[in-house]
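sequence first, then the predicted structure:
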Amino acid sequence: MVEGREIFNLLWLVPAIPLFGALFNCLLGYRAGNLVVSIVGCGSIGLSFLLSLCIFRVFYGLPVEDRQIELCLFQWIVSGDFQAPLDLLLDPLSMVMITMVSGVSFLIHVYSVGYMANDKCFARYFFYLNLFVFFMLTLVLAGNFLVLYIGWEGVGLCSYLLISFWYERRSAAAAGLKAFVVTRFGDFFFALGIILIFLQFGSLHFCSVFANPGEVIGVSMATWIALLIFVGAVGKSAQVPLHTWLPDAMEAPTPVSALIHAATMVTAGVYLVARCYPIFELSPFSLQVVAIVGLLTAFISATVALVHTDIKKILAFSTISQLGHMFLALGVGAPGAAIFHLLTHAFAKALLFLGSGAVIHALNDEMDIRKMGGLRRYIPATFFTFTIGALAMSGVPGLAGFFSKDAILYATFVNGGPLMWALIVITASMTGFYTFRIIFVAFFGVKRWDVHLHAPGKAMILPLVLLALLAITGGYMGVPHVLGGSDRISEFLSPVFGNAEVHGSLGSSVEGVALAAEEGGVVEGEAAEGAPQGTETAEGIAGVWETGIQMSEKSLEMLLMLVSAVMALGGIGLAFYFYVYSGGRDVPTRLSEKFRVAYSIFTNGWYFDALYKAVFVDPYMKLSTFFLKAVDVAVIDNIVRGVAGSLLSAGNILPGLQLGVVRWYATVMVLGAIIIILYI
Amino acid sequence: MQAEVIQSLLVVGPSHFLVLGATLFSLGVLGFLVRNNIIVLLMCIELMINGAGITFIAFCRQMGSLEGQIFVLFVMVVAAVEIAVGLSIVVLVFKNRATLNADEMEVLKW
């Protein structure tokens, strides 16, 4: 293995190859033609993926304590005490991330070749996409905060460019701007956090900052730093209350939504918090904030996803909800579970987005699920892969999402308390409901569309199939011990997070179970009106309470797993009942009329956009209008006009001296000469 | 005393030349200001140039250097060129406007 270590010197190539691809597509892409652009675009990411796989093989062979490789490329900024070399850090966390990012990116690039084939800006698209991968890999490989910040801002830039890719569309341009401004808001706090870290630690280097943070800073300072960093993560990962940009970002081409706004960029916030976990651990308060924000986000956006009709927006809210799950996991002290969920979610959600892209492509850019229907028979390959993605997403046992979500649910129950657990379990069943709502409405039922169908080509089907395989198998890297697995992922990641993994503290949490069980039962009973599953799950929760006290940790884990599986299946069953089984009775419409208030809250996204419009946008516009009229037009313009006008009128007087008569000029000249001579 | 003054006036020295140059220059200026005819104006310019030339020569004679003479040679060349161009302009102006009155040529103004 010693000779294999040399491969780590090639680490810089992992982000550099996509950068070369981006430069090529930017400078020569328009002349080279679509074929060359797609070969360069996909090939550079593919090479990068292969390289990271090779590195992974060598890395996995290293003894655990050696699994931290630093590579300093060159000194970038040196100013007094301040040093910012461009260094990369490869540890289990970044190893997992680069493999996932380059792999998923590669599949999505291949898919894009089919999806964007007829776009006139093909080269520009691949330029942005390659550039994005470069920045994302820089972000996850960064060895200090400044390099991470380069990647952080870079992915934000690429996100903006790709959301506004079809810039002729006004809504796309506006959505890009919104995404940029909202995430910038978070980035500002993140930058403050970095400055604070430098002031406290005198260094931005990960290894020196995270070595022993407890010895340098106290709890309150750790809280400040953690919260500032967390605000940055909230902006980037679209958490409440900065989540409003992500649904709008669906204006981007669908592969972009899959890559940036589901699988990679939005998870940068999760990665950041996981990376800074030693600081968060110092401050229980900040972890609590992370957990609560994650939980609220997961719940709120899941409710919105229940009622939305735009296929991409449902998936967007689902993404927000799943990111909420990840933050919840971070908050309850299970960063390994968060990263695990990040991976499985990346596979499943990229698959769902690409599948929805195939549907949208097939139906000539139709995104309203009410105008689909019956697609199962027309695009079967898309239907099968989409269903696998949906199963994995909803946490059906055996697929990827189940294991990761279960790890989160378990950690929540143990460390977060039963109330949080109940809420997240309800959210989990909503996940099943809304993903299968798409399937039952769009793929089953009667045909409600009337266009010439474009069946997706090979370049689109192949990534779907591969992602479907990943979505099925991806979970098996983290099968928990209870089910006879070895939970390799959290074992692999454990050097990064130290001893942060879940340690059961059952006694304290059992107390609240009763309350949770009752609440869960009531809420679920309402939601699942008429559905037998609701009562079953309520009983399940009650069962946890009754037996929880005597149970050992293992059987508790099994039972929680069972409950979450039942809840997920319950959500799916409910969707089946609503949209297929009930047939003509139209349960959804009746329900929406009955719970009108809730329905309008959900459809309007809990009025976040309206609130921001009323609180920020409108006053800002009014202020701008005021300054336009009162300051710019009234004061500044008048000053400028006054200066210009006085010069102009002065200029109108002086030409009177220019008579055109030669002797007049001569006289003036002589007089001038005389005056000068006299003066001298 | 009286005789010395007369003597100094009679012996031609630098001051005589300076007075001559100044007189010529002033005549030129005066003529330029009071006359109308363009040709006369050109002649007045020649007067001024030559007045300046005489002053140059007077000073260089007194100081015993040659620079002034070189200047005068240049001035004469420039004057000759200038009068050639000037007279051809005058001819053209006369052809177009049938007058040589400088005050009537006042179109070049704002």
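Noted; the coordinates are in hand. Numbers count the residues shown, from 1 in each chain, chains lettered A, B, ... in the order given.

my read: A:L73 touches A:L88, true?
Yes. A:L73 is within contact range of A:L88, at 6.9 Å (criterion: Cβ atoms under 8 Å). To be clear about C-beta, it is placed using only N, CA and C from the backbone, and glycine gets the same treatment.

residue ranges in chain B under the pLDDT threshold?
For chain B, the stretches with pLDDT under 70 are B:1, B:110.

who in it is up against chain A?
B:V29, B:F32, B:L33, B:L41, B:A102, B:D103, B:M105, B:E106, B:V107, B:L108, B:K109, B:W110 (Cβ under 8 Å from any Cβ of the partner chain).

can you flag which of those belong to helices?
By the criterion of DSSP state H, membership of the residues of chain B next to chain A in helices covers B:V29, B:F32, B:L33, B:L41.

ok, of those, which come out buried?
B:V29, B:F32, B:L41 (16 or more other Cβ atoms under 10 Å in any protein chain shown).

B:E4: which of the ones in helices among the residues of chain B next to chain A is nearest?
Of all these, B:E4 sits closest to B:V29, with 34.2 Å by Cβ to Cβ.

quick one, which of A:L73 and A:L88 is more surrounded?
Higher neighbour count among A:L73 and A:L88: A:L88, with 25 against 14, using other Cβ atoms under 10 Å in any protein chain shown.

could you find the closest non-adjacent residue to the most centrally placed residue in chain A?
Closest to where the C-alpha atoms of chain A average out (Cα atoms, centre = their mean) is A:V266, at 1.5 Å. Among residues not flanking A:V266 along the chain, A:S237 sits closest, at 5.1 Å (Cβ to Cβ, 6 or more residues apart in numbering or on different chains).

can you check A:L10 too?
Nearest to A:L10 is A:L51, by Cβ to Cβ, 6+ apart, at 6.5 Å.

give me the element that neighbour is part of.
In the assignment (DSSP states H and E), A:L51 maps to helix A:34-61.

A:F8 is in contact with A:L71, correct?
Yes. Using Cβ under 8 Å, A:L71 is in contact with A:F8, at 6.6 Å.

anything in contact with each of the two?
Common neighbours of A:L71 and A:F8 (criterion: Cβ atoms under 8 Å, 6 or more residues apart in numbering or on different chains): A:L90.

give me the number of residues near A:W224?
17.

ok, now how distant is it from A:A252?
Note on A:W224: its distance to A:A252, by Cβ to Cβ, to the nearest Å, is 35 Å.

about what we covered before: who touches both of A:L73 and A:L88?
A:W12.

redo the residues of chain B next to chain A as a markdown table? Include distance to A:G21.
Listed next are the residues of chain B next to chain A as a markdown table, based on distance: Cβ to Cβ, whole Å:
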| residue | distance to A:G21 |
| --- | --- |
| B:V29 | 80 |
| B:F32 | 79 |
| B:L33 | 81 |
| B:L41 | 78 |
| B:A102 | 77 |
| B:D103 | 79 |
| B:M105 | 73 |
| B:E106 | 72 |
| B:V107 | 68 |
| B:L108 | 66 |
| B:K109 | 67 |
| B:W110 | 63 |
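
on that earlier part again, and the next helix or strand past the helix holding A:L51?
Taking DSSP H and E, what comes next after helix A:34-61 is strand A:69-79.

what's the mean pLDDT across that following strand?
Averaged across strand A:69-79, the pLDDT comes to 83.

next one: stretch A:286-294
On average, stretch A:286-294 scores 93.

show me the contact partners of that stretch.
A:222-223, A:226-227, A:230, A:234, A:239-240, A:273, A:280-281, A:323-333, A:416, A:420.

hmm, back to that, separation between the residue nearest to A:L10 and chain B?
According to Cβ to the nearest Cβ, to the nearest Å, A:L51 stands 74 Å off from chain B.

OK, contacts around that residue?
A:L10, A:L13, A:V14, A:I17.

mind checking which of those land in helices?
A:L13, A:V14, A:I17.

so which elements touch the longest helix seen in chain B?
With secondary structure taken from DSSP H, chain B has its longest helix at helix B:67-97. On a contact count with 3 or more Cβ pairs under 8 Å, 6 or more residues apart in numbering or on different chains; DSSP states H and E, helix B:67-97 meets helix B:38-63.

in the helix it packs on, what's buried?
Buried-residue list, helix B:38-63, by 16+ other Cβ under 10 Å: B:38, B:41-42, B:44-60.

between helix B:38-63 and the longest helix of chain B, find me the angle.
180 degrees (axes from the mean of the first three to the mean of the last three Cα atoms, to 10 degrees).

give me the number of residues near the nearest residue to B:G53 once chain neighbours are set aside?
Sequence neighbours aside, B:V72 is the residue nearest to B:G53 in space, at 4.6 Å (criterion: Cβ to Cβ, 6+ apart). Neighbourhood size, B:V72 [other Cβ under 10 Å]: 19.

how much space between B:V72 and chain A?
For B:V72, the distance to chain A - Cβ to the nearest Cβ - is 21 Å.

just checking, that residue touches B:I57?
Yes. Between B:V72 and B:I57 there is a contact under Cβ under 8 Å: 6.0 Å.

what are the phi and psi values at A:C276?
As for A:C276, its main-chain torsions (degrees, to the nearest 10) stand at phi -90, psi 20.

return the residues in contact with it.
A:F210, A:A226, A:I229.

please name the nearest non-neighbouring residue to the most centrally placed residue in chain B.
Centroid-nearest residue in chain B, with Cα atoms, centre = their mean: B:M48, separated by 1.9 Å. With sequence-adjacent residues excluded and distances taken as Cβ to Cβ, 6+ apart, B:M48 is closest to B:G28, at 3.5 Å.

buried sites along the helix holding A:L51?
So for helix A:34-61, counting by 16+ other Cβ under 10 Å, buried means A:34, A:36-38, A:40-42, A:44-49, A:51-52, A:55, A:58-59.

over to stretch A:154-169?
A:G154, A:V155, A:G156, A:C158, A:S159, A:Y160, A:L161, A:L162, A:I163, A:S164, A:F165, A:W166.

for the strand or helix carrying A:I108, list the C-alpha coordinates in PDB.
Element membership of A:I108, judged by DSSP H and E, is helix A:92-115. Output of helix A:92-115 as PDB, limited to C-alpha atoms (Å, rounded to 0.1, in the frame of the first residue of the first chain):
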ATOM      1  CA  PRO A  92     -13.300  10.000   5.300                       C
ATOM      2  CA  LEU A  93     -15.900  12.700   5.000                       C
ATOM      3  CA  SER A  94     -14.500  14.400   2.000                       C
ATOM      4  CA  MET A  95     -13.600  11.000   0.500                       C
ATOM      5  CA  VAL A  96     -17.300  10.000   0.600                       C
ATOM      6  CA  MET A  97     -18.300  13.400  -0.700                       C
ATOM      7  CA  ILE A  98     -16.000  13.600  -3.700                       C
ATOM      8  CA  THR A  99     -17.000  10.100  -4.800                       C
ATOM      9  CA  MET A 100     -20.700  10.800  -4.500                       C
ATOM     10  CA  VAL A 101     -20.400  14.300  -6.200                       C
ATOM     11  CA  SER A 102     -18.300  13.100  -9.100                       C
ATOM     12  CA  GLY A 103     -20.300  10.000  -9.600                       C
ATOM     13  CA  VAL A 104     -23.700  11.600  -9.500                       C
ATOM     14  CA  SER A 105     -22.400  14.500 -11.600                       C
ATOM     15  CA  PHE A 106     -21.200  12.100 -14.200                       C
ATOM     16  CA  LEU A 107     -24.500  10.400 -14.600                       C
ATOM     17  CA  ILE A 108     -26.300  13.700 -14.700                       C
ATOM     18  CA  HIS A 109     -23.900  15.000 -17.300                       C
ATOM     19  CA  VAL A 110     -24.600  11.900 -19.500                       C
ATOM     20  CA  TYR A 111     -28.300  12.500 -19.000                       C
ATOM     21  CA  SER A 112     -27.900  16.100 -19.900                       C
ATOM     22  CA  VAL A 113     -26.500  15.200 -23.300                       C
ATOM     23  CA  GLY A 114     -29.900  13.700 -24.100                       C
ATOM     24  CA  TYR A 115     -32.000  16.300 -22.300                       C
END
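
alright, I will stop here.
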